[in-house]
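Visitor: Here is my input, please return the structure:
(chains A and B)
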Amino acid sequence: MKRFVWERYWSVVKKEVIQIKRDRPSLAIALVMPLMLLFLFGYAVNTDVSDIKMAVWNQSPSAASRELVEQFVHTEIFQATASVSGYRELEAMLDEGTVDVGLVIGPDYTRKKDRGEPAHIQLLINGSDPNIARTAMSNAQLIVQHQAIALQEKNLQKQGLGELQLPLELDTRVLFNPNMESIVFNIPGLIGLIMQNVTMILTAFSLVREKERGTMEQLVVTPIRPLELMLGKITPYVGVGLFSFCLVLLVGTAWFGVPVKGSIGLLVALSVLFLVTTLLLGIFISTVAKTQLQAMQMAFALILPSVLLSGFMFPRDSMPVVIQWLGGLVPLTYFLEILRGIFLKGVGAEALWKDIVGMGAFSLLILAVAIGRFRKKIE
Amino acid sequence: MNVAIECQQLTKRFGERIAVNQLTLTVPKGSIYGFLGPNGSGKSTTIRMLCGLMTPTTGSGTVLGYDVMTQSEEIKQRIGYMSQKFSLYEDLTVEENLDFYAGVYQLGAAERKQRKAELIEMAGLTGREKQLAGSLSGGWKQRLALSCALLHKPELLILDEPTAGVDPVSRRIFWDVIHELAKQGITVLVTTHYMDEAQTCDWIGFIFFGNLLAEGTPGELIERMEANNLEDVFIELVRREEARQAAEGGAR
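Guide: Numbering: from 1, shown residues only, chains lettered A, B, ... in the order given. Okay, here's the model as predicted:
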């Protein structure tokens, strides 16, 4: 391996900076697109379940039954959108999807309740989306249980037995994201996902464009080394990417109200490492693709694995081991841990070292492969 | 004899197709060698092999004493190359293109300033330093490309159809520069389709279907072929080779 010549590297950096400045539309896209995507997806990617549409068939209208329905609506998990008067009507609504849950209160509810006899209520749940179904079921059980205990207490008090003591109680404390809002979990991940895909495309074009325009032919007859060329090409984009990252970070914290609990300095430093990694991945694509169209297709092909394998959507722990390894080939996988760690838990480098080392190793690997693939030849 | 380029049995195959077939040629130092041949005859492929842009399939060769198979990086430091198609950055200005290549060839600040001034003067680009390369006309573009190829004072200049599609005045200026460079001791290997240009070369090689058909000074070739001028030599050589190949094909 020949010596790395700073002068040649610096020439490439200067040339790229001029070219980026002259290509205003591309620069604007690189800076504005992440912001737009964050606004768009910040609202769309929401796994909190609320306002499940519920149809009510109340066959025993009374203050007591209305109170029960009231309890359901009060949680804001359910929303009473329709009132029906028969199974047929209820099933039709579930089929159409106008409601996801049907609450059926039998004709003898009020009577049984007044007499202190056990009453039954029925809940029909659309189970096609397990997430919604689970939420609906567990919440309905809690509501009814709570109501049952309250009734029992009242009955006991009537009999003069005083307060009801529960023999077992669970105290829970949720750390890091006490309200369990999915947005707090999703925004940091979204920032990583957006930055990876926007920055990767920036360099995915760079070498291919030179091949297509013919400028590569002149460049490869010079003594320039592949490493000088590649690092020279990514350097200006690290600046562009970092600026864009800071904008997105600002919007994530100020607009969506997701605070950074850990050190901002560490977050920025590690995002530079992340940007370098994704830019190198782009350069790698550039050494494989023959045309800009191919480079675009390859960059797009990487988006889905980034979403599905990185842990952005689904927890990696529940994936088969082989799939987890594959996820290791996506830089976002490491960065997600880092982002969530610093954003939510406020941890430092000592808790994240595995991901930092993993991402660093991955970037070196991809650089080595890209250099190995790049030939100063035209054939 | 002091040689700049020497190659023996240089062959390049693209799959089944033979682009250059066992080419043996010698270019003496300080001479202008005109490389002639119809389109698709293997001129550009030969040049690209000599520049280190392509690896020969078989054969051997040296450029400025360095092996074309193994020492292409040493060769690249010492040659200037200009391709058929304009291959500088159209979105950079004249000066920025020169600056970029000056950096790539590691010219020091003082040398860079001096070389840039000399070459802008030589190419007649004075006053156009801030113009985007893409907005230059054909002749200017070629002279800018030549300037970039000369920045690092190469010992050998390799030009692939430098004057294709260029107006007569620009062609004349361009060739004046080439002759001037040869006087300074720089070896020039140039391909062209213009016989008036070929006439002024010191040596000429004819290549067709990847085979070197004839080699010599322009005067020798005209005499040997009993032709009136180089154009007749060219046409006669192509005609004979086609007849020979047709006969070979018929015999098969």
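Visitor: elements contacting the helix or strand harbouring A:L275?
Guide: For A:L275, the host element (DSSP states H and E) is helix A:264-288. When contacts are defined as 3 or more Cβ pairs under 8 Å, 6 or more residues apart in numbering or on different chains; DSSP states H and E, helix A:264-288 packs onto helix A:182-204, helix A:206-213, helix A:226-254, helix A:292-301, helix A:331-340, helix A:349-373. Using the backbone N, CA and C atoms, a C-beta is placed for each residue, glycine as well.
Visitor: what about that helix, distance to the chain center?
Guide: 19 Å (Cα atoms, centre = their mean, to the nearest Å).
Visitor: circling back: between the helices and strands packed on helix A:264-288, which shows the greatest average number of neighbours?
Guide: Stretch with highest mean neighbour count among these: helix A:331-340 (a mean of 26; mean count of other Cβ atoms under 10 Å in any protein chain shown).
Visitor: Report all helices and strands that that one contacts.
Guide: By 3+ Cβ pairs under 8 Å, 6+ apart, helix A:331-340 packs against helix A:182-204, helix A:264-288, helix A:349-373.
Visitor: tell me the mean pLDDT for that helix?
Guide: For helix A:331-340, the mean pLDDT works out to 94.
Visitor: just to revisit the earlier point, Serialize the helices and strands packed on helix A:331-340 to JSON lines and add fields for distance to A:A28 and mean pLDDT.
Guide: Formatted as JSON lines, the helices and strands packed on helix A:331-340 follow (distance: least, Cβ to Cβ, whole Å; pLDDT from 0 to 100):
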{"stretch": "helix A:182-204", "distance to A:A28": "12", "mean pLDDT": "90"}
{"stretch": "helix A:264-288", "distance to A:A28": "19", "mean pLDDT": "95"}
{"stretch": "helix A:349-373", "distance to A:A28": "27", "mean pLDDT": "94"}
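Visitor: Give the closest residue to A:G214 in space, chain neighbours not counted.
Guide: B:S87 (4.5 Å; Cβ to Cβ, 6 or more residues apart in numbering or on different chains).
Visitor: same thing with B:L53?
Guide: A:I378 (5.2 Å).
Visitor: Near that neighbour, how many other residues are there?
Guide: 15 (other Cβ atoms under 10 Å in any protein chain shown).
Visitor: now A:F72
Guide: Around A:F72 there are 24 residues (other Cβ under 10 Å).
Visitor: what's the offset of the helix or strand where it lies from the middle of its chain?
Guide: Per DSSP H and E: A:F72 is located in helix A:63-74. Mean-position distance between helix A:63-74 and its chain equals 36 Å (Cα atoms, centre = their mean).
Visitor: how about the residues of chain B near chain A?
Guide: B:48, B:51-55, B:72-73, B:76-77, B:79, B:81, B:83, B:85-92, B:96, B:99-106, B:145, B:148 (Cβ under 8 Å from any Cβ of the partner chain).
Visitor: Could you list the buried residues of stretch B:91-108?
Guide: For stretch B:91-108, the neighbour count (16 or more other Cβ atoms under 10 Å in any protein chain shown) marks B:91-107 as buried.
Visitor: Extract the residue ranges of the chain that are flagged as low pLDDT.
Guide: Since no chain was named, I'll use chain A. Within chain A, the ranges that satisfy pLDDT under 70 run A:1-2, A:162, A:164, A:379.
Visitor: let's do chain B instead
Guide: B:1, B:250-252.
Visitor: Count the residues that sit near residue 127.
Guide: Assuming you mean chain A. 12.
Visitor: was after chain B, sorry
Guide: 9.
Visitor: Now do the strands in the stretch 1-150 of chain B.
Guide: With DSSP state E, counting those that start in this stretch as the criterion, the stretch 1-150 of chain B has strands at B:3-14, B:17-28, B:32-36, B:58-63, B:66-67, B:79-82.
Visitor: Among those, show me which one is buried the most.
Guide: strand B:79-82 (a mean of 27).
Visitor: What segments of the stretch 51-200 of chain B are helices?
Guide: Ranges of helices in the stretch 51-200 of chain B, per DSSP state H, counting those that start in this stretch, are B:72-78, B:94-104, B:109-122, B:138-150, B:168-183, B:195-199.
Visitor: CA atoms of the fourth one as PDB?
Guide: Listed in PDB are the C-alpha atoms of helix B:138-150, where the atom choice follows Å, rounded to 0.1, in the frame of the first residue of the first chain:
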ATOM      1  CA  GLY B 138     -14.900  22.400 -28.700                       C
ATOM      2  CA  GLY B 139     -11.500  23.900 -29.500                       C
ATOM      3  CA  TRP B 140     -11.100  25.600 -26.200                       C
ATOM      4  CA  LYS B 141     -12.200  22.500 -24.300                       C
ATOM      5  CA  GLN B 142      -9.400  20.500 -26.100                       C
ATOM      6  CA  ARG B 143      -6.800  23.100 -25.300                       C
ATOM      7  CA  LEU B 144      -7.900  23.100 -21.600                       C
ATOM      8  CA  ALA B 145      -7.700  19.300 -21.500                       C
ATOM      9  CA  LEU B 146      -4.200  19.500 -23.000                       C
ATOM     10  CA  SER B 147      -3.200  22.100 -20.300                       C
ATOM     11  CA  CYS B 148      -4.400  19.800 -17.600                       C
ATOM     12  CA  ALA B 149      -2.500  16.900 -19.100                       C
ATOM     13  CA  LEU B 150       0.700  19.000 -19.200                       C
END
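Visitor: Report the separation between A:K113 and chain B.
Guide: Distance check for A:K113 against chain B: by Cβ to the nearest Cβ, to the nearest Å, it reads 80 Å.
Visitor: now what about stretch B:211-224, what contacts it?
Guide: B:21-25, B:34, B:198-199, B:201-207, B:225, B:227-230, B:232-233, B:237, B:241 (Cβ atoms under 8 Å, 6 or more residues apart in numbering or on different chains).
Visitor: Could you work out the end-to-end span of that stretch for me?
Guide: 19 Å (Cα to Cα, to the nearest Å).
Visitor: Go through that stretch and flag the buried ones.
Guide: Neighbour-count burial for stretch B:211-224 [16+ other Cβ under 10 Å]: B:N211, B:L212, B:L213, B:A214, B:E215, B:G216, B:P218, B:L221, B:I222.
Visitor: how far is the strand or helix carrying the last one from where the chain is centred?
Guide: Secondary-structure assignment from DSSP H and E places B:I222 in helix B:218-224. Mean C-alpha position of helix B:218-224 versus that of the full chain (Cα atoms, centre = their mean) differs by 22 Å.
Visitor: ok, then the element right after it?
Guide: Following helix B:218-224 toward the C-terminus (DSSP H and E): helix B:230-251.
Visitor: ok and that following helix relative to strand B:32-36, angle-wise?
Guide: Angle, helix B:230-251 to strand B:32-36, by axes from the mean of the first three to the mean of the last three Cα atoms, to 10 degrees: 40 degrees.
Visitor: which other residues reach helix B:230-251?
Guide: B:36, B:38, B:195, B:198-199, B:204, B:206, B:208-209, B:211, B:213-214, B:218, B:221-222, B:225, B:227.
Visitor: and the residue of chain A found nearest chain B, what are its phi and psi?
Guide: Closest to chain B within chain A is A:S11: 2.7 Å, counting by Cβ to the nearest Cβ. The phi and psi torsions at A:S11 (degrees, to the nearest 10) take the values phi -60, psi -40.
Visitor: Show the contacting residues for it.
Guide: A:S11 touches A:G232, B:D99, B:F100, B:A102, B:G103, B:V104, counting by Cβ under 8 Å, 6+ apart.
Visitor: before we move on, back to that, pull out the buried residues from the contacts of stretch B:211-224.
Guide: By 16+ other Cβ under 10 Å, the contacts of stretch B:211-224 give B:21, B:23, B:25, B:34, B:198, B:201-207, B:225, B:227, B:230, B:233, B:237, B:241 as buried.
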